[in-house]
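K.L.:
The amino acid sequence is not available; the structure is as follows:
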């Protein structure tokens, strides 16, 4: 190997295990200090995990205001219940992210932004769904898409966000939600279907509205149709 | 949708959904899912670098303070909880502990007033005091001759100003070998009759962890505190001090001396035994 060739650091399992143990010991010490009433420990925990928790809250609520509320409540929950965290079950960041997800769910329910499970499902041809997605990507309507994801019925919203936005694997999601792997897969597939139909429906409504604005009385009525 | 009916071995009807045609719906479904995944990946990237708004940390800390999750400001200094004695820092939290030096100073003053002081050595004291103590006169309570009583009472100085003593009836009892009462001063009598103050045994001062960060030679005050043994053991102390505290704990409480700096935070601790 020549001296200018890039050198990739090799991972050492022993050192990784030592770092993991050190990190857990540090978290345990911080939580013990937090239980003793140390505001410095609380500030240190926020500085380490604050951005991650706020990001998780943003992804689950599609709203900065709701995300701020959720992130704040997450850290206040830890402040009230520092003893509820079990370091043997995982890292503190994952624990806080789980709390943020639950609080985001409650915040969305309070805001009335989720659809009920038995919402009426309209059937759209696959072509219409594909066109809707193409149009959405072409016009970069990411906020619209994000709000559509957030308004999915609850069992599907959380899994779609965790998989597609938080980029967690099926196994990680199954571990977080304590449900079988097959359930995760089926709910994710079902959630994507509902989302696609929802986007197609929105596109239909938009196209109908556009047609209404263009419609002339002398041509007689409103033209309905999915194709432009 | 068509269903293919089959019959189970036990006779019940079983409905099995036939496999879909892979050339039509499955292909379109894959295309749809790929597009959807592509669009959702954009959101993941877009929300990946989102930061909390400016001032969020300050609002969070203020909300935490409002809910009184940390040590309350009304905690008494006598309990000497650990969080009360942590060094003050330049943060909004420090304002809550601004009263701590004042409370400690008041505590130190109270102990200074209440602690019995040792007298200076005998050769350093005034002559009148040393003589009266060394003679150990027996206080007389009677005057043998009533005629002398008035004179004797005039000789005796008033023991305590403003404090009227009840007149006693003359008694014929007199200490053997003594014919006349000896005037005594109150100081000598009180000194003699007062119980000897307990001489507490003390251990060596144990410096606290963060004490090394403070400059050497700074003025320090000793504050004696009686506190819960559990609270005392929360300090990071060497094993010998912990063992000693366990031995000296009486009714779950220990007595300790704190070396306190001008900022109100302790630098070192020693244990005090008040048993003897």
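P.N.:
Okay, I see it. Being a predicted model, the structure only gives us computed values, none of them experimental.

K.L.:
Going by C-alpha atoms from here, please, whenever you check contacts or count neighbours.
P.N.:
Noted.

K.L.:
got any ranges where the stretch 101-250 of chain B has weak pLDDT?
P.N.:
For the stretch 101-250 of chain B, the stretches flagged by pLDDT under 70 are B:116-199, B:235-236, B:238-241.

K.L.:
And the residue of it that's closest to chain A?
P.N.:
Residue nearest to chain A within the stretch 101-250 of chain B (CA to the nearest CA): residue B:234, separated by 9.8 Å.

K.L.:
Residue B:245 versus that residue, what's the distance?
P.N.:
Applying CA to CA, to the nearest Å, the value for residue B:234 to residue B:245 is 11 Å.

K.L.:
what residues does chain A put near chain B?
P.N.:
A:36-39, A:43, A:46, A:50-51, A:54-55, A:58-59, A:68, A:72, A:76, A:79-80, A:126, A:129-130, A:133-134, A:136-137, A:142, A:145-146, A:164-167, A:192, A:196 (CA under 8 Å from any CA of the partner chain).

K.L.:
Can you turn the buried part of those residues into a ChimeraX selection?
P.N.:
Only the buried entries of the residues of chain A next to chain B go into this ChimeraX selection, using 16 or more other CA atoms under 10 Å in any protein chain shown:
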select /A:36,37,38,39,43,46,50,51,54,55,58,59,68,72,76,79,80,126,129,130,133,134,136,137,142,145,146,164,165,166,192,196
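
K.L.:
So which of the residues of chain A next to chain B belong to helices?
P.N.:
Using DSSP state H, A:39, A:43, A:46, A:50-51, A:54-55, A:58-59, A:68, A:72, A:76, A:79-80, A:126, A:129-130, A:133-134, A:136-137, A:142, A:145-146, A:192, A:196 are the members of those that sit in helices.

K.L.:
Point out where chain A drops to low pLDDT.
P.N.:
Scanning chain A for pLDDT under 70 picks out A:1-11, A:113-125, A:203-228.

K.L.:
Quick one: the strands in it, in order.
P.N.:
Counting by DSSP state E, chain A has no strands at all.

K.L.:
what sits against the residue most central in space within it?
P.N.:
With distances taken as CA atoms, centre = their mean, the residue of chain A nearest its centroid is residue A:161 (3.3 Å). Contact analysis of residue A:161 by CA atoms under 8 Å, 6 or more residues apart in numbering or on different chains lists A:59, A:60, A:149, A:150.

K.L.:
Which of the residues you listed has the largest number of neighbours?
P.N.:
Highest neighbour count within these, by other CA atoms under 10 Å in any protein chain shown: residue A:60, with 32 neighbours.

K.L.:
where do the strands sit along the stretch 151-276 of chain B?
P.N.:
Using DSSP state E, counting those that start in this stretch, the strands of the stretch 151-276 of chain B run over B:201-202, B:206-207, B:221-228, B:253-260, B:266-273.

K.L.:
export these to TSV and tack on distance to chain A?
P.N.:
Shown next, in TSV, are the strands of the stretch 151-276 of chain B (distance: least, CA to the nearest CA, whole Å):
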stretch	distance to chain A
strand B:201-202	29
strand B:206-207	21
strand B:221-228	15
strand B:253-260	20
strand B:266-273	17
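
K.L.:
Ok, which of these comes nearest residue A:184?
P.N.:
For the strands of the stretch 151-276 of chain B, the distance to residue A:184 is smallest for strand B:221-228, at 52.8 Å, taking CA to CA.

K.L.:
List the buried residues for that closest one?
P.N.:
Of the residues in strand B:221-228, those buried (16+ other CA under 10 Å) are B:221, B:222, B:223, B:224, B:225, B:227, B:228.

K.L.:
Same check on stretch A:147-164?
P.N.:
Buried residues in stretch A:147-164, counted by 16+ other CA under 10 Å: A:147-154, A:156-164.

K.L.:
End to end on it, go ahead and measure it.
P.N.:
End-to-end span of stretch A:147-164 (CA to CA): 14 Å.

K.L.:
what does stretch A:109-126 give?
P.N.:
Across stretch A:109-126, first to last residue, CA to CA, it's 30 Å.

K.L.:
same question, stretch B:40-57
P.N.:
For stretch B:40-57, the end-to-end distance is 30 Å (CA to CA).

K.L.:
Likewise for stretch A:160-169?
P.N.:
Stretch A:160-169 has its terminal residues 11 Å apart, counting by CA to CA.

K.L.:
Distance from that stretch to the middle of the chain?
P.N.:
6 Å (CA atoms, centre = their mean, to the nearest Å).

K.L.:
ditto for stretch A:180-197
P.N.:
Stretch A:180-197 sits 14 Å away from the centroid of its parent chain (CA atoms, centre = their mean).

K.L.:
Mind listing what's buried along that stretch?
P.N.:
Residues A:184, A:185, A:187, A:188, A:189, A:191, A:192, A:193, A:194, A:195, A:196, A:197 are the ones in stretch A:180-197 that count as buried (16+ other CA under 10 Å).

K.L.:
so how far is residue B:260 from the first one?
P.N.:
If you measure residue A:184 against residue B:260 using CA to CA, the figure is 60 Å.

K.L.:
Whichever helix or strand residue B:41 is part of vs chain A: in contact?
P.N.:
Residue B:41 belongs to helix B:27-46 when elements are defined using DSSP states H and E. Yes: judged by CA under 8 Å from any CA, helix B:27-46 comes into contact with chain A at B:28-29, B:31-33, B:35-37, B:39-44.

K.L.:
Who has more neighbours out of residue B:234 and residue B:245?
P.N.:
Neighbours per residue (other CA under 10 Å) separate residue B:234 from residue B:245, with residue B:245 holding more: 23 against 12.

K.L.:
Isn't the more buried one up against residue B:256?
P.N.:
No: using CA atoms under 8 Å, residue B:245 makes no contact with residue B:256, being 9.1 Å away.

K.L.:
Report the set of residues contacting both of those two.
P.N.:
residue B:271.

K.L.:
what about residue 47, neighbour count?
P.N.:
Just going to use chain A. Residue A:47: 12 neighbours (other CA under 10 Å).

K.L.:
looking at chain B here, not the other one
P.N.:
18.

K.L.:
Show the contacting residues for it.
P.N.:
With contacts defined as CA under 8 Å, 6+ apart, the neighbours of residue B:47 are A:55, A:58, A:59.

K.L.:
can you rerun that using 6 Å?
P.N.:
Under the criterion of CA atoms under 6 Å, 6 or more residues apart in numbering or on different chains, residue B:47 has no contact partners.

K.L.:
Can you report phi and psi for it?
P.N.:
With angles defined as degrees, to the nearest 10, residue B:47 sits at phi -90, psi 0.

K.L.:
Could you measure from it over to residue A:85?
P.N.:
Distance from residue B:47 to residue A:85, by CA to CA: 27 Å.
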